[in-house]
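>>> just to be clear, the model below is a prediction. Sequence and coordinates:
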Amino acid sequence: MEFVSSWCNNGVLPPSYVHPSETRPGNLVVPPGTSIPVIDFAGHDRNQIIQKILKAGEEYGFFQVINHGVSETLMDDTMDVIKEFHAMSGMEKQRECSKDPNGSCKLYTSSLDYPAEDFHYWRDALIHPCNPAEECIKFWPEKPTRYREVIGAYSVEMRKLSSRILEIICEGLGLEKGYFSSDLSENPKIIINHYPVCPDPSLTLGLSKHKDPTVISLVLQGLIPGLQVLKDGQWISVQPHPHAFVVNIGYLLQIISNGKLNGAEHRVVTNRNAARTTITYFVFPTNESLIKPAKVLTNEQNPPLYKDCKFSDFFTAFLSRAVEPCT
Ligand SMILES: O=C(O)CCC(=O)C(=O)O
Ligand SMILES: [Fe+2]
């Protein structure tokens with residue numbers, strides 16, 4: 001199993017990457033008009049921001065934030081470092097991701113279960129934990145030389161920004177203060193996706209339709225489009241917005257909000273002219289966390305739509321592609 005980036009320059013899309021006609025993107029032109037809300041954190045008062053986030057979470061399960069307080073220099077440095085990482089040779093990447101005997105840094109191609117796939121995905125990826133920093137960072141890559149410094153600083157900022165967004169959602173949903181600043185957000189992970197230039201984007205995918213198994217996810221997607229969200233049965237593109245973060249309601253928040261917020265399905269299409277590299281901060285709970293609809297959001301008229309379930313069980317069901325775990 002070789003990384004796509006190691007052989008993609010031969011200009012051929014191997015048959016195992018050609019997806020069936022029902023799931024391949026085909027026509028890559030997505031309908032204009034419906035666009036994912038862009039929320040300006042500096043432009044509104046707190047109540048307006050709460051309302052905008054809740055509305056976007058209900059209607060799209062996605063929104064973008066601008067003027068979020070994260071330094072643009074750090075965002076640019078992060079983009080540079082992740083591109084440099086994926087530009088290294090396969091052997092070098094393997095070596096830099098093998099420092100933990102327990103395998104906490106996972107480098108892979110397509111999905112975590114390549115041998116079981118019917119069709120492969122046009123992407124290489126690295127995922128690793130980022131909290132607590134002092135336990136994780138010593139296993140991260142040391143090449144590119146600034147990896148630990150930059151991704152370490154980036155993780156700190158993502159923890160702050162995700163907590164801020166979750167506090168807003170907490171208040172908007174009427175949950176008790178600090179609901180998410182608990183075991184529900186204690187095990188965040190960084191995932192770095194790389195989608196090389198692809199000879200025929202109409203036939204393949206970078207990532208198939210999925211919901212994230214997270215509370216929320218924060219994506220830095222750079223300037224190359226590729227991320228699409230399923231809205232009312234149609235794929236719409238998440239238009240790149242310089243220095244914005246794309247925020248995505250995960251399936252866990254859909255459960256906790258008892259279906260009020262929508263863990264939206266999304267996918268990634270590839271690009272014929274430009275490679276795309278993205279970094280996502282996944283807000284994950286600890287394995288022992290109990291995932292369940294918040295009590296204040298259920299009553300006789302609104303019975304719980306999901307069963308209580310331990311995060312580790314949810315995740316196992318999710319990986320086995322159970323369509324709606326915890327129902
Ligand atoms: O690369 C992207 O734009 C999104 C990646 C994503 O959806 C994921 O890693 O779950
Ligand atoms: Fe995702």
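Structure's in. What do you need? Ligands and ions are numbered 1, 2, ... in the order given.
>>> identify the residues contacting residue 127.
With contact taken as CB atoms under 8 Å, 6 or more residues apart in numbering, residue 127 is in contact with 105, 106, 189, 190, 191, 192. All C-beta spots, glycine's among them, are computed from the backbone N, C-alpha and C.
>>> can you name the residue of the stretch 51-200 of the chain nearest to ligand 1?
Scanning the stretch 51-200 of the chain for the residue nearest ligand 1 gives residue 193, at 4.3 Å (criterion: CB to the nearest ligand atom).
>>> mind putting the contacts of residue 127 in JSON lines, neighbour count included?
What follows is these, written out as JSON lines (neighbours: other CB atoms under 10 Å):
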{"residue": "105", "neighbour count": "19"}
{"residue": "106", "neighbour count": "14"}
{"residue": "189", "neighbour count": "20"}
{"residue": "190", "neighbour count": "23"}
{"residue": "191", "neighbour count": "17"}
{"residue": "192", "neighbour count": "23"}
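>>> could I get those as TSV with secondary structure?
Converted to TSV, those look like this (DSSP: H, G, I helix; E, B strand; the rest coil):
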residue	secondary structure
105	coil
106	strand
189	strand
190	strand
191	strand
192	strand
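>>> part of a helix, is the residue of the stretch 51-200 of the chain closest to ligand 1?
No. Counting by three-state DSSP, residue 193 is located in no helix; its state is strand.
>>> hmm, residue 220 and it touching each other?
No. Residue 193 is beyond contact range of residue 220, at 10.7 Å (criterion: CB atoms under 8 Å).
>>> between these two, which is the more surrounded one?
Comparing residue 193 with residue 220 by other CB atoms under 10 Å, the one with more neighbours is residue 193, at 24 against 21.
>>> pretty sure residue 8 is in a helix, no?
Yes. Under three-state DSSP, residue 8 sits within a helix.
>>> burial count for residue 89?
For residue 89, the count of nearby residues is 11 (other CB under 10 Å).
>>> how about the contacts made by it?
The contact partners of residue 89, by CB under 8 Å, 6+ apart, come to residue 6.
>>> which positions in stretch 164-179 come out as buried?
Within stretch 164-179, the residues that count as buried by 16 or more other CB atoms under 10 Å are 165, 166, 167, 168, 169, 170, 171, 172, 173, 175, 179.
>>> my error: substitute stretch 227-237 in the last question.
The neighbour-count check on stretch 227-237 (16+ other CB under 10 Å) flags 227, 228, 229, 230, 231, 235, 236, 237 as buried.
>>> tell me the one of the buried residues of stretch 164-179 nearest residue 244?
Using CB to CB, residue 165 is the member of the buried residues of stretch 164-179 that lies nearest residue 244, at 13.1 Å.
>>> I'd say the closest one and residue 53 touch.
Yes. With contact taken as CB under 8 Å, residue 165 and residue 53 are classed as touching, separated by 7.2 Å.
>>> coming back round to it: the residue of the stretch 51-200 of the chain closest to ligand 1: what's it in contact with?
By CB under 8 Å, 6+ apart, the residues touching residue 193 are 123, 124, 125, 206, 207, 268, 276, 277, 278, 279, 280.
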